[in-house]
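# below are the sequence and a predicted model for it; my questions follow.
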Amino acid sequence: KQEVTQIPAALSVPEGENLVLNCSFTDSAIYNLQWFRQDPGKGLTSLLLIQSSQREQTSGRLNASLDKSSGRSTLYIAASQPGDSATYLCAVRSGGSYIPTFGRGTSLIVHP
Amino acid sequence: GAVVSQHPSRVICKSGTSVKIECRSLDFQATTMFWYRQFPKQSLMLMATSNEGSKATYEQGVEKDKFLINHASLTLSTLTVTSAHPEDSSFYICSALRQGGDGYTFGSGTRLTVV
């Protein structure tokens, strides 16, 4: 059974810092991995989707990497801003399944 | 991009009544839709998976007679909370998997309060 762990659980940083959020998974036979952000009381917004054959994806200040062999993905946020404050969730879709497994998320606060 | 519309965003109902929540994929066909429940400051809890034209698959511990799911078309799934009680108050979120595609698209969630 796939298990997904996100570290750290919470993070509070001053504006402008570069951040790394970690996601690890126990079964490397994945189909893809997706990063989301969730604002309080809202649904999930997709940030980046990495297929199992890819090593990284970039969108603006966000970069996500995938190392299947070690069961890890990192989300890199450059030059953080207060608007980046949210909970970031990692979801892994295992091969042969269409049900994603979510981590518990990293709660990020970027203060001015 | 893929968009999922979820309605209503907020609903308050009296104990004992039923509430229907709609999840609609606006610009794509969704073979599979998922319904989640989220408690404050906790992660998502998968309630059920629904496939168009077939019965939903419920997760262990979820009462299928209480949480009725219908996925009648490739663009619409509904969750009906029957005979709602205060303990059913929660945040419900749907998501959809695009037909032949990758990645999940989520609705904006429904805050249900049962009084």
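Yep, that arrived. All of these numbers come straight from a predicted model, not from anything done at the bench.
# just the residues contacting the helix or strand bottoming out on mean pLDDT in chain B, thanks.
One helix or strand of chain B scores below all others by mean pLDDT, DSSP states H and E: strand B:67-73, with a mean of 91. By CB atoms under 8 Å, 6 or more residues apart in numbering or on different chains, the surrounding residues in contact with strand B:67-73 are B:33, B:35, B:47-48, B:50-54, B:56, B:58, B:77-82. From N, CA and C alone the C-beta is placed, and that goes for glycine too.
# show me how far it is from its chain's centre.
Offset of strand B:67-73 from its chain centre (CA atoms, centre = their mean, to the nearest Å): 9 Å.
# adjacent strands (with direction) for that strand?
The pairing partners recorded for strand B:67-73 under DSSP bridges are strand B:76-81 (antiparallel).
# what subset of the contacts of strand B:67-73 is buried?
Those of these that meet the buried threshold are B:33, B:35, B:47-48, B:50-52, B:56, B:58, B:77-79, B:81, by 16 or more other CB atoms under 10 Å in any protein chain shown.
# check the gap between the residue positioned nearest the centre of chain B and chain A for me.
For chain B, B:Trp35 is the residue whose C-alpha lies nearest the centre (CA atoms, centre = their mean; 3.8 Å). In this view, B:Trp35 and chain A are 12 Å apart by CB to the nearest CB, to the nearest Å.
# now for that residue: which residues touch it?
B:23, B:46-50, B:67, B:69, B:77, B:79, B:92-94.
# so who does residue 30 touch?
No chain specified, so I'll use chain A. By CB under 8 Å, 6+ apart, A:Ile30 lies in contact with A:2, A:52, A:68, A:92-95.
# sorry, should have said chain B
B:4, B:52, B:74-75, B:77, B:96-99.
# beta partners of it?
B:Arg98.
# tell me which parts of chain B are close to chain A?
Taking CB under 8 Å from any CB of the partner chain as the criterion, chain B approaches chain A at residues B:6, B:32, B:34, B:42-44, B:46, B:49, B:91, B:93, B:95, B:97, B:102-109, B:111.
# picking up where we left off before, list the buried ones in the least confident helix or strand of chain B?
Within strand B:67-73, the residues that qualify as buried are B:67-69, B:71, counting by 16+ other CB under 10 Å.
# mind listing the strands for chain B?
B:4-7, B:10-13, B:19-25, B:30-38, B:44-51, B:57-58, B:67-73, B:76-81, B:90-98, B:104-106, B:110-114 (DSSP state E).
# closest to A:Gln6 out of those strands?
A:Gln6 lies closest to strand B:44-51 among those, at 12.8 Å (CB to CB).
# tell me the angle the closest one makes with strand B:67-73.
Interaxial angle, strand B:44-51 versus strand B:67-73 (axes from the mean of the first three to the mean of the last three CA atoms, to 10 degrees): 40 degrees.
# name the residues that touch strand B:44-51?
With CB under 8 Å, 6+ apart, strand B:44-51 has contacts from A:89, A:98-99, A:102, B:31-39, B:56-59, B:62, B:64, B:67, B:69-71, B:77, B:79, B:92-93.
# between it and strand B:19-25, how big is the angle?
Using the same axes, to 10 degrees: strand B:44-51 against strand B:19-25 is 70 degrees.
# for strand B:44-51, which strands pair with it and how are they oriented?
By DSSP bridges, strand B:44-51 pairs with strand B:30-38 (antiparallel), strand B:57-58 (antiparallel).
# pull the CA atoms of that strand into PDB?
This file holds the C-alpha atoms of strand B:44-51, laid out as PDB (Å, rounded to 0.1, in the frame of the first residue of the first chain):
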ATOM      1  CA  LEU B  44      -8.500  14.800   2.700                       C
ATOM      2  CA  MET B  45     -10.400  11.700   3.500                       C
ATOM      3  CA  LEU B  46     -11.600   9.800   0.400                       C
ATOM      4  CA  MET B  47     -15.300   8.800   0.800                       C
ATOM      5  CA  ALA B  48     -16.100   7.200  -2.500                       C
ATOM      6  CA  THR B  49     -15.100   6.800  -6.200                       C
ATOM      7  CA  SER B  50     -17.700   7.000  -8.900                       C
ATOM      8  CA  ASN B  51     -17.600   6.000 -12.500                       C
END
